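**Q** take this sequence and fold it.
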Amino acid sequence: TECTPDAEVTAHHLLYESTLPPSERVARLRRVAVTEGLDANTRPLAWTLLLGCGRIEARRYSNLCDGLSDDAQKIRDDARRTFRA
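**A** Numbers count the residues shown, from 1 in each chain. The predicted model follows:
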């Protein structure tokens with residue numbers, strides 16, 4: 001079922017178990033991140049890959065993620081409009 005475009009997969013599956021080509025995994029991971037969000041276990045690796053920023057120190061990552069941005073609600077609204085089902 002993973003080969004079909006509408007296969008439901010989790011971020012964890014895409015990051016650690018999927019056999020899809022990397023470009024397809026990243027595309028699906030991007031959609032999962034926007035439409036379903038990422039849990040605390042997959043968020044660091046997922047965003048590192050999606051942003052293409054390579055390794056980042058845990059303390060720096062934690063500081064970057066401390067709380068919601070001032071634009072959090074605007075981003076949610078934009079994502080809903082952009083990715084309507």
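
**Q** which SSE is immediately downstream of the top helix by length along the chain?
**A** Across the chain, the helix with the greatest residue count (assigned by DSSP state H) is helix 22-35. Next helix or strand after helix 22-35 toward the C-terminus (DSSP states H and E): helix 43-51.

**Q** give the buried residues for the helix or strand that that following helix is followed by.
**A** Heading C-terminal from helix 43-51, the first helix or strand you meet, by DSSP H and E, is helix 58-64. Neighbour counts using 16 or more other CB atoms under 10 Å place residue 61 of helix 58-64 among the buried residues. No exception for glycine: its C-beta is placed from N, CA and C like everyone else's.

**Q** just stretch 19-27 next, same as before
**A** 20, 25, 26.

**Q** you'd agree the first one is up against residue 28?
**A** This means residue 20. Yes: proximity of residue 20 to residue 28 meets the contact threshold set by CB atoms under 8 Å, at 7.3 Å.

**Q** ok, back up a step: name the helices or strands packed onto the longest helix of the chain?
**A** Contacts defined by 3 or more CB pairs under 8 Å, 6 or more residues apart in numbering; DSSP states H and E place helix 22-35 against helix 11-16, helix 43-51, helix 72-82.

**Q** and the ones you listed, which is most packed in?
**A** Comparing the helices and strands packed on helix 22-35 by mean neighbour count (mean count of other CB atoms under 10 Å), helix 11-16 comes out on top with a mean of 18.

**Q** output the contacting helices and strands for it.
**A** helix 22-35, helix 43-51.
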